[in-house]
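K.L.:
Could you work out the structure for the sequence below:
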Amino acid sequence: MNIRVVIAATVILIALGVPLFAQENSPLDLSGTWRWIHYEDLRERHPGAYPGDYLGIPLNDAARMRADTYDEEWLSSSPLLQCRPRGPGYQALALDPMRIEKEIDPVNRQLIAYRVSFQKTPGDRMIWLDGRPRPSQYAQHSWDGFSTGKFKGDTLEVTSTHIKESFVRRNGIPTSFRATVIEHISLEEPYLDWTFTVIDPDYLTEPLVRSATYIRGPNLQIPTYPCQPEDDRQPDEAYRTPHYLPGENPYLTESAFKYRVPIEGVRGGAETLYPDWKAVGLTLKPPDAESTLKPVYKDDSTKIAERADAASKSPPVYDKAEALHVSGNVYMIGGAGGNIVLSAGGDGVVMVDSGAGAATEKVLGAIRQITQTVRPPEQSDSASPFADSWQATHTFAQPAIRMIINTNDTADHIGGNAGITGSPMFRPIGGLRIVAHQTVQSRMVEANAAPGAVPTTTYFSDKYTLYRFLNNQAIQLFHVNATTDGDSMVWFRKSDVIAAGDVYNSDIYPPIDVARGGNIDGEVDALNKLVDMCAAEFMSQGGTMVIPGHGWISDAGDVGYYRDMIMIIRDRVRAMIKKGLTIEQVKAAKPTMDYDPLYGRQAGVTAKFVEAVYKSLKEKS
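P.N.:
Now for the predicted structure:
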């Protein structure tokens, strides 16, 4: 070929923007298999940090109290924790081998995500690079969380949210479900530097920055991690949560005594991380012997409940009722008071709870959105029965709401009953208008509730199954005596979703009402039952979805953490009652203090919960 022709063709291709060769402007390629280099962080390796060793962690007193009362036997006692993986706030410090793979857009061949897999993780962690938005505040949390990334020069910056409650050190220092983890990953062949920062508004006073280094392992294979949890209890042995009562852990001075350092330094805190503290530390003496420490907790993290109670009160606003898909044909509507659960299908809509009365119009709008599919199903291979098939398949009738199931008689769960049943969308099946436990109906009648709000069908047994499948699945109600004596949990069997009502709330304490028959032991029994009904997909994650009365979509792992928290607080209050403390003395002792950053941020919920625990235990004794 004539050289002039080649040059001319090249010039034309360049002018048209058609590349002749692969472009070298893509992000740095982090893919490959990697092995962790063990050269530091002895406290994070076997056997791990001693109890009470919080050196290097800017924790607050709430986190310190949780770690002080932690018993590592808890991990082996709970089948849900035996296979718990590490989250992004700790995983990079593990010994696990790792594989990073690229996810490529099949059309334009651009990098849209990295797929990261460690040996002891429940699946592949996705780091999305395509700019997708963060999930809803009601979306499920996972061990890995939701991660997005962007390259800043040659460094990949990753931000992760929606992370399950976890830990930053294996001796009990927690991280909350509100934590954010920011990672910076840099490649210096053959090394991969991984710096990660934990920002936790509940348990850390400053960001916690740590790092790890990996080296390429070109022949490395990531082994499977077949973790099978075991429940070693005897047939009649009740589940328990091993822990120390506050001030009774005998091992908190072990590290300071062994290494001859002052206990104040080992207790951690941001102030001990700065160079100025060295002069302070030199004036302090190490402990002469191991002893049981009697800590005093007094920083701002111990005043969460008081600040919530003192905050100015404003009426709730229901300006956004947000619908999320859960599993199968089950959806959740959040932001309308108590969470609303829907099964939507060919038989219509079955509702569990109706939210607050002021949110009814928003709720009806969300139901319309759920039931009006974006694209109708393809027509069958036959002549259309419609004169205008497009109009017939692209217009929608009002959804048919067949019934409401109430989990309790609390206003933010039944406030919308009258509005929903009075709507043109409400087309019930016979007398099955509103279904609830008998106690709910009795209380609403006594309270002179509007006729359209009162349950028309009731049950009084431990289990009640609707007489037919609706939307191709069985629907079962389970009565539990927990926050009241009329609580119900609703199980959509095929979709494998359980509406827990106020028995389980992912971000507040349970509203136990002793005057209406609620009690703490019944709450624990109900949570145990809920955990037993769930089946996790793998490593205490996924599988059966649980929709709380308030908060985000959850699974067995979340419910297990909540159950264990309730049991720990019950044991603390019970011990105080045995010592003869009055209810005012118990409240002053703050038995919930280390959990208040998670569950005590709403006005009145902490005091009401402590009072309910005390009264129900006192009455029983």
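
K.L.:
Please enumerate the helices of the stretch 51-200 of the chain.
P.N.:
Using DSSP state H, counting those that start in this stretch, the helices of the stretch 51-200 of the chain run over residues 61-68, 73-77, 79-82.

K.L.:
Who are the packing partners of the last one?
P.N.:
Think helix 79-82. Counting contacts by 3 or more C-beta pairs under 8 Å, 6 or more residues apart in numbering; DSSP states H and E, helix 79-82 packs against helix 73-77, helix 556-578. The C-beta positions use only the backbone N, C-alpha and C, and glycine is treated the same way.

K.L.:
if we can go back for a sec, any chance of the helices of the stretch 51-200 of the chain in CSV with mean pLDDT as columns?
P.N.:
Formatted as CSV, those follow (pLDDT from 0 to 100):
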stretch, mean pLDDT
helix 61-68, 98
helix 73-77, 92
helix 79-82, 92
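
K.L.:
and the ones you listed, which is most packed in?
P.N.:
When these are scored by mean count of other C-beta atoms under 10 Å, the highest mean neighbour count falls to helix 61-68 (a mean of 25).

K.L.:
Now do the strands in the stretch 501-621 of the chain.
P.N.:
With strands called from DSSP state E, counting those that start in this stretch, the stretch 501-621 of the chain shows them at 545-548.

K.L.:
And the stretch 151-300 of the chain, by the same measure?
P.N.:
So, for the stretch 151-300 of the chain - with DSSP E, counting those that start in this stretch - the strands run 155-161, 166-169, 173-175, 180-188, 191-199, 208-216.

K.L.:
Turn the ones you listed into JSON lines, including distance to Phe426.
P.N.:
As requested, these are exported to JSON lines (distance: least, C-beta to C-beta, whole Å):
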{"stretch": "strand 155-161", "distance to Phe426": "38"}
{"stretch": "strand 166-169", "distance to Phe426": "43"}
{"stretch": "strand 173-175", "distance to Phe426": "45"}
{"stretch": "strand 180-188", "distance to Phe426": "42"}
{"stretch": "strand 191-199", "distance to Phe426": "46"}
{"stretch": "strand 208-216", "distance to Phe426": "52"}
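
K.L.:
closest one to Asn108 among the ones you listed?
P.N.:
In terms of C-beta to C-beta, the element of the strands of the stretch 151-300 of the chain nearest to Asn108 is strand 155-161, at 20.1 Å.

K.L.:
what lines up beside that closest one in the sheet?
P.N.:
Strand 155-161 sits in its sheet next to strand 146-152 (antiparallel), strand 180-188 (antiparallel), going by DSSP bridges.

K.L.:
chain center to the first one: distance?
P.N.:
What that stands for is strand 146-152. 21 Å (C-alpha atoms, centre = their mean, to the nearest Å).

K.L.:
what does that strand rub up against?
P.N.:
Contacts with strand 146-152, where a contact means C-beta atoms under 8 Å, 6 or more residues apart in numbering, come from 27-28, 88, 114, 125-129, 131-132, 134-135, 139, 156-162.

K.L.:
Kindly reformat the strands of the stretch 151-300 of the chain as TSV containing mean neighbour count.
P.N.:
Shown next, in TSV, are the strands of the stretch 151-300 of the chain (neighbours: other C-beta atoms under 10 Å):
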stretch	mean neighbour count
strand 155-161	19
strand 166-169	22
strand 173-175	25
strand 180-188	18
strand 191-199	19
strand 208-216	18
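
K.L.:
Take those and lay them out in a markdown table including mean pLDDT and distance to Gly452.
P.N.:
Converted to a markdown table, those look like this (pLDDT from 0 to 100; distance: least, C-beta to C-beta, whole Å):
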| stretch | mean pLDDT | distance to Gly452 |
| --- | --- | --- |
| strand 155-161 | 98 | 41 |
| strand 166-169 | 94 | 46 |
| strand 173-175 | 97 | 46 |
| strand 180-188 | 97 | 45 |
| strand 191-199 | 96 | 48 |
| strand 208-216 | 94 | 54 |
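
K.L.:
right, and the ones you listed - which one's nearest Glu73?
P.N.:
Of the strands of the stretch 151-300 of the chain, the one closest to Glu73 (C-beta to C-beta) turns out to be strand 166-169, at 15.5 Å.

K.L.:
I'd say Gly431 and Thr458 touch.
P.N.:
No: contact status for Gly431 versus Thr458: not in contact, 11.1 Å apart, counting by C-beta atoms under 8 Å.

K.L.:
So which of the two has more stuff around it?
P.N.:
Thr458 (17 against 10; other C-beta atoms under 10 Å).

K.L.:
Got phi/psi on that one?
P.N.:
phi -130, psi 160 (degrees, to the nearest 10).

K.L.:
Quick one: residues contacting the closest residue to it other than its chain neighbours.
P.N.:
The shortest distance from Thr458 to any non-neighbouring residue, by C-beta to C-beta, 6 or more residues apart in numbering, is to Gln438 (4.3 Å). Contacts here follow C-beta under 8 Å, 6+ apart; on that basis Gln438 touches 458-460, 486.

K.L.:
7 Å instead?
P.N.:
458-460 (C-beta atoms under 7 Å, 6 or more residues apart in numbering).

K.L.:
do Gly281 as well
P.N.:
262, 265.

K.L.:
Next: Ala139.
P.N.:
So Ala139 contacts 162, 324, 552-553 (C-beta under 7 Å, 6+ apart).

K.L.:
can you name the two of the residues you listed that are farthest apart?
P.N.:
His162 and Leu324, at 12.6 Å, using C-beta to C-beta across the contacts of Ala139.

K.L.:
what about the nearest residue to Gly415 once chain neighbours are set aside, neighbour count?
P.N.:
Of all residues not flanking Gly415 in the chain, Gly357 sits nearest, at 3.7 Å (C-beta to C-beta, 6+ apart). When neighbours are defined as other C-beta under 10 Å, Gly357 has 20 of them.

K.L.:
Am I right that Gly357 is in contact with Gly419?
P.N.:
Yes: with contact defined as C-beta atoms under 7 Å, Gly357 reaches Gly419; the gap is 6.0 Å.

K.L.:
Contacts made by stretch 73-84 with the rest, please.
P.N.:
Here stretch 73-84 has contacts from 227, 229-231, 240-243, 539-540, 556-557, 560, 564, using C-beta under 7 Å, 6+ apart.

K.L.:
what about 8 Å?
P.N.:
With contacts defined as C-beta under 8 Å, 6+ apart, stretch 73-84 is touched by 143, 166, 227-231, 239-243, 531, 536, 539-540, 556-557, 560, 564.

K.L.:
all helices for the stretch 201-350 of the chain, in order.
P.N.:
Counting by DSSP H, counting those that start in this stretch, the helices of the stretch 201-350 of the chain are 254-259, 263-266, 277-282, 304-310.

K.L.:
between those helices, which one is nearest to Arg178?
P.N.:
helix 304-310 (12.3 Å).

K.L.:
That closest one - contacts with which helices or strands?
P.N.:
Short answer (3+ C-beta pairs under 8 Å, 6+ apart): helix 304-310 packs on helix 596-599, helix 605-620.

K.L.:
Which stretch among those helices approaches Ala526 most closely?
P.N.:
That would be helix 605-620 among those, by C-beta to C-beta, at 13.2 Å.

K.L.:
Output the contacting helices and strands for that closest one.
P.N.:
The contact analysis (3+ C-beta pairs under 8 Å, 6+ apart) places helix 605-620 against helix 304-310, helix 520-533, helix 556-578, helix 583-589, helix 596-599.

K.L.:
and with 7 Å instead?
P.N.:
Under the contact criterion of 3 or more C-beta pairs under 7 Å, 6 or more residues apart in numbering; DSSP states H and E, helix 605-620 touches helix 304-310, helix 520-533, helix 556-578, helix 583-589.

K.L.:
buried ones in the second one?
P.N.:
Applying a neighbour-count criterion of 16 or more other C-beta atoms under 10 Å, the buried positions in helix 520-533 are 520, 522-524, 526-528, 530-531, 533.
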